[in-house]
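Novice: coords please:
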Amino acid sequence: MLIDDIDFASLYQRQLQLAGRTEKTPQHWDAKAAKMADSRANQTDSYLQQLLAKIDLTGAQSLFDMGCGPGTVALALADRLQQVCGVDYSQGMLDVARQRASQQGINNARWERRAWEESWDDLPRCDIAVASRSTLVADMRDAMSKINRQARLRVYTTHLVTPTFMSPEIQHALGREVVELPNYLYALNVLYQMGIQARVDFIRGRNCQQDNSTFARFEENVKWTLGTLSDEERARLDHWYHQRDPATIAPATRDWALISWDIVPNS
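Specialist: Residues are numbered from 1 along each chain as shown. The predicted structure follows:
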């Protein structure tokens, strides 16, 4: 079999199915908006600093930020552009983004509620399009086609490097099957099969689940990723936790693949 015989878009969807991946509701993110603004939108965050350093704004006047969350990227670049547009399917995230823009005196930002799967026909096309840590979508080919159409100059997307958000050892300790999600190689090959020659770089960001200094904090980290725990699972997790050094449970960093490309005219 040759590489062009492989349907990477279908393989991506199959991997999601095998992982049992379910889309988190907008309400899930609504409840976490304020906390995410404190952690991910902090200008000193190493992931954000690395990403901003790699975004080329040459000739750009506008930015489209898909899955903008609390306005992390859009607001960080607003003072260097004429217009930024943040898009998210969580109204709670957009409310926090709008509040942060007001607090910072930013008046060139607009916020739109929209999901990856919905029509973007009425959303503005911008010079730069970004999708930061928001690309674990149901249909990778459709998502990459949309973000590509939304940009005039360049596109920047970030994707998982490691196929798990939670250590397989912890998943085993709970008695669950290990969930392995599709990593960045699927997106890269989907783009290749779309005729897009993309670049790959890597960002090493801080692991926001590194603090496991107490069992309560550790349980909160696990539930953030894996959802509600049964009483039996909580007991198993407690037993596992107290047999380990909390400082060694989670790695200090989480790697992300930055996939970027230039827009080819008439593409």
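
Novice: Identify the residue nearest L123 in space, chain neighbours excluded?
Specialist: Excluding its sequence neighbours, the residue lying closest to L123 (Cβ to Cβ, 6 or more residues apart in numbering) is E112, at 5.9 Å. In this view, the C-beta of every residue, glycine as well, is placed from N, C-alpha and C.

Novice: An error on my part: the question was meant for Q43.
Specialist: On the basis of Cβ to Cβ, 6+ apart, the spatially nearest residue to Q43 that is not a chain neighbour turns out to be A76, at 6.7 Å.

Novice: That neighbour: which element?
Specialist: In this structure, A76 is located in helix 72-77 according to DSSP states H and E.

Novice: I203 is in contact with Q50, correct?
Specialist: Yes. Shown here, Q50 and I203 form a contact pair, counting by Cβ atoms under 8 Å, at 4.6 Å.

Novice: Please say which of the two ends up with more neighbours.
Specialist: When neighbours are counted by other Cβ atoms under 10 Å, Q50 and I203 differ, and I203 comes out ahead with 22 against 16.

Novice: So the more buried one, which state does it fall into?
Specialist: Reducing the assignment at I203 to three states with DSSP: H, G, I helix; E, B strand; the rest coil gives strand.

Novice: So in terms of bridging, what pairs with it?
Specialist: In this structure, I203 bridges to W256 when assessed by DSSP bridges.

Novice: Quick one: residues contacting it.
Specialist: Y47, Q50, L51, K54, T158, D255, W256, A257, L258 (Cβ atoms under 8 Å, 6 or more residues apart in numbering).

Novice: let's see it at 6 Å
Specialist: I203 makes contact with Y47, Q50, W256, L258 under the criterion Cβ atoms under 6 Å, 6 or more residues apart in numbering.

Novice: you'd agree the last one is up against D201?
Specialist: Spelled out, that is L258. Yes. Proximity of L258 to D201 meets the contact threshold set by Cβ atoms under 6 Å, at 4.4 Å.

Novice: ok, those two, which is more surrounded?
Specialist: Neighbour totals were compared for L258 and D201, and L258 leads with 20 against 14 (other Cβ under 10 Å).

Novice: Reduced to three states, what does that one come out as?
Specialist: Secondary structure of L258, reduced to three states by three-state DSSP: strand.

Novice: Let me see the contact set for it.
Specialist: Contacts for L258 were tallied using Cβ under 6 Å, 6+ apart; they are T158, D201, I203.

Novice: Dump those residues to JSON lines, plus distance to N148 and pLDDT.
Specialist: As requested, the contacts of L258 are arranged in JSON lines below (distance: Cβ to Cβ, whole Å; pLDDT from 0 to 100):
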{"residue": "T158", "distance to N148": "15", "pLDDT": "98"}
{"residue": "D201", "distance to N148": "18", "pLDDT": "97"}
{"residue": "I203", "distance to N148": "21", "pLDDT": "95"}
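
Novice: from the residues you listed, which is closest to P265?
Specialist: In terms of Cβ to Cβ, no member of these lies closer to P265 than D201, at 24.0 Å.

Novice: one step back: in the helix holding A76, what's buried?
Specialist: With burial defined by 16 or more other Cβ atoms under 10 Å, the residues of helix 72-77 counted as buried are T72, V73, A74, L75, A76, L77.

Novice: Throw the contacts of L258 into CSV and include distance to A97, thanks.
Specialist: As requested, the contacts of L258 are exported to CSV (distance: Cβ to Cβ, whole Å):
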residue, distance to A97
T158, 18
D201, 26
I203, 22
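
Novice: thinking again about what came up before, could you confirm the residue nearest to L123 falls within a strand?
Specialist: Yes. With three-state DSSP as the criterion, E112 is part of a strand.

Novice: For the stretch 51-200 of the chain, just list every one of the strands.
Specialist: Listed from the start of the chain, the stretch 51-200 of the chain has strands (DSSP state E, counting those that start in this stretch) covering 62-66, 83-88, 109-113, 126-131, 151-160, 199-206.
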